[in-house]
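Enquirer: Got a predicted structure here, sequence first:
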Amino acid sequence: MVELLIKNGVIVTMDSKRRILEGHSLAIDGGRIVEIGRTEDLQRRHSNAECIDATGQIVMPGLVCSHSHLYGMLLRGATLSIAPPSDFTQILQRIWWPVDEALNYEDAYASALLSSVEFAKSGVTMFADTYSGPNSIPGVLDKICMAVESVGIRSFLAFESTERHSKDEGLRGVQENVRFAEMISKKNESKTKALFSIHASFTVSDELIREVKKTAERFHSPITIHASEGLVDLHHNMENYGKRTIERLSDLGLLGPNVILAHCVHLNSKEVDLIAKTNTGVAHNPMSNMLNAVGVSPVQQMITQNVTVGLGNDGYIFDMFENMRAAFLIHRLNSRDPNAIDSYSVLEMATIKGAKLYGMEKEVGSIEIGKKADIILIKPNILPTPLSSDTAVNHIINTVDGDDVEHVFVEGKQIVKDKQLLTFDEQRAQEISQTAAANLWARLRTSTAQIDRIQTP
Ligand SMILES: [Zn+2]
């Protein structure tokens with residue numbers, strides 16, 4: 001007797017054999033996948049189990065967003081009346097750093113809540129977030145954790161340490177991660193895990209990077225850092241250290257399998273070699289890279305060299321199907337090669353490779369016996385061509401959007417049913433987010449910290 005059968009459907013397993021099954025069913029019990037077999041067989045043996053018929057649907061592992069900033073949600077739609085930024089550095093100086101300074105605990109909670117709602121409804125069952133806000137440091141990860149857990153998805157949460165204002169600011173950021181990691185380590189089973197985050201090598205000293213490395217290892221936690229996102233990172237390291245970004249991080253002993261480098265746009269071959277040699281992970285953020293006009297990451301080269309590359313949204317568009325489509329397209333255009341990257345490689349980034357980045361590949365990221373049942377069912381609103389094991393992956397990349405996600409399970413618990421969130425009042429979450437955003441925008445209009453103004457629409 002098992003708790004749940006998901007029968008039929010086209011099951012895109014993302015296992016090492018790349019199996020895509022038809023006429024099969026999944027049995028789920030105690031939060032895990034306990035059987036995968038022919039539908040007739042499982043139905044006969046588990047005739048009393050609750051059953052979901054997925055005929056005409058895609059059944060696949062929940063999506064993983066490998067790099068996010070949940071508070072990015074609060075700027076969506078904001079009209080900026082600032083002197084237009086002409087490069088990435090000015091985008092940080094004129095938009096994001098003033099926003100960071102204006103953020104408060106209410107914003108952290110509200111944005112984490114609605115971002116989690118949007119993630120859940122569009123099939124994301126795990127994400128990694130780094131929060132940045134020099135005026136809301138101690139205890140902020142508890143607020144974010146509370147919001148995420150009320151929606152019920154899996155997460156890695158961090159405060160982004162930076163020494164942009166002072167050395168002390170950097171240490172206070174690390175301290176918040178330590179406090180949160182200690183709290184999480186006392187819990188028996190938690191869907192929330194601690195992550196350590198460093199903003200980027202151009203806003204931190206060698207000492208802080210070493211300190212984070214040492215501290216995160218104490219908690220066996222992963223570490224993430226923005227790396228060579230814009231040219232400013234590369235130029236800073238060349239000017240001040242005579243090294244390229246990845247060379248400096250390597251010389252500091254930061255690189256390794258527990259480290260996730262976000263972006264990695266401006267790399268040369270030697271840097272890709274260093275990343276590959278040290279089994280360091282990379283979170284690719286194609287939509288954010290396009291938005292900020294920073295360039296295109298050499299993802300094909302990294303995949304060829306067996307670097308684990310996951311997919312992130314960097315706090316921009318939360319629908320990971322859109323992010324997958326962007327990854328699928330950007331490398332074709334950039335290399336003028338229609339074979340630059342295939343659908344399956346992109347899907348791997350948003351599932352099993354994302355799980356691997358965070359050391360979770362034995363638990364989630366694919367549909368295999370023994371793994372936690374983080375599973376989504378997709379019922380496309382419009383399906384112009386047949387769905388089968390041959391076409392499913394191409395449909396995921398070319399047809400499906402987040403609002404085609406019908407059901408979502410995290411560790412066997414259903415959190416989205418018939419496209420409706422079961423765990424939190426979605427309307428209430430929107431109201432909380434809109435109130436926080438309006439207040440944030442009002443504060444930004446009068447803030448002395450910012451260089452220019454952000455105007456509400
Ligand atoms: Zn980022």
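Expert: Ah, there it is.

Enquirer: where along the stretch 101-250 of the chain do the helices fall?
Expert: When assigned using DSSP state H, counting those that start in this stretch, the helices of the stretch 101-250 of the chain occupy the ranges 105-121, 140-151, 167-185, 206-218, 231-241, 245-251.

Enquirer: Tell me the confidence at Asn188?
Expert: You'll see Asn188 listed with a pLDDT of 80.

Enquirer: ok, it - how many residues close by?
Expert: Neighbourhood size, Asn188 [other C-beta atoms under 10 Å]: 4. C-betas here are computed from N, CA, C, even on glycine.

Enquirer: Please report how far it lies from Ala194.
Expert: Counting by C-beta to C-beta, to the nearest Å, the separation of Asn188 from Ala194 is 15 Å.

Enquirer: hang on, the earlier thing: would you point to the one among the helices of the stretch 101-250 of the chain that's packed deepest?
Expert: When you average the neighbours per residue for each of the helices of the stretch 101-250 of the chain (mean count of other C-beta atoms under 10 Å), helix 105-121 leads with a mean of 25.

Enquirer: Tell me which other helices or strands it touches.
Expert: Using 3 or more C-beta pairs under 8 Å, 6 or more residues apart in numbering; DSSP states H and E, the elements in contact with helix 105-121 are strand 124-131, helix 140-151, strand 405-410, strand 413-417, strand 420-421, helix 426-446.

Enquirer: of the ones you listed, which approaches Gly354 most closely?
Expert: Nearest of the helices and strands packed on helix 105-121 to Gly354, taken as C-beta to C-beta: strand 124-131 at 7.2 Å.

Enquirer: which helices and strands sit right next to that closest one?
Expert: Strand 124-131 sits against strand 63-68, helix 105-121, helix 140-151, strand 154-161, helix 352-357, strand 405-410, with contacts defined as 3+ C-beta pairs under 8 Å, 6+ apart.

Enquirer: how much distance is there from the fifth one to the middle of the chain?
Expert: Its chain's C-alpha centre and that of helix 352-357 lie 10 Å apart, by C-alpha atoms, centre = their mean, to the nearest Å.

Enquirer: Please name the nearest non-neighbouring residue to Val204.
Expert: Counting by C-beta to C-beta, 6 or more residues apart in numbering, Val204 lies nearest to Glu163, which is 5.1 Å off, once chain neighbours are set aside.

Enquirer: What's the per-residue pLDDT of the residue lying farthest from the centre of the chain here?
Expert: Taking C-alpha atoms, centre = their mean, the residue of the chain most remote from its mean C-alpha position is Arg44, at 39.1 Å. The model reports Arg44 with a pLDDT of 96.

Enquirer: Can you tell me how far it is from Ile28?
Expert: 17 Å.

Enquirer: Next: Gly77.
Expert: 39 Å.

Enquirer: Look at these two and report which has more neighbours.
Expert: Ile28 (24 against 8).

Enquirer: for the helices of the stretch 101-250 of the chain, which one sits closest to Asp403?
Expert: When the helices of the stretch 101-250 of the chain are compared (using C-beta to C-beta), the closest one is helix 105-121, at 7.6 Å.

Enquirer: how far does that closest one sit from the chain's center?
Expert: With C-alpha atoms, centre = their mean as the basis, helix 105-121 stands 14 Å off its chain's centre.

Enquirer: again, but for stretch 311-329
Expert: For stretch 311-329, the distance to the chain centre is 9 Å (C-alpha atoms, centre = their mean).

Enquirer: how long is that stretch end to end?
Expert: Stretch 311-329 has its terminal residues 14 Å apart, counting by C-alpha to C-alpha, to the nearest Å.

Enquirer: what pLDDT, on average, does it get?
Expert: The model assigns stretch 311-329 a mean pLDDT of 98.

Enquirer: residue closest to the middle of the chain?
Expert: Cys65 (2.3 Å).

Enquirer: where exactly do the strands run in the stretch 251-400 of the chain?
Expert: 259-263, 281-284, 309-311, 375-378 (DSSP state E, counting those that start in this stretch).
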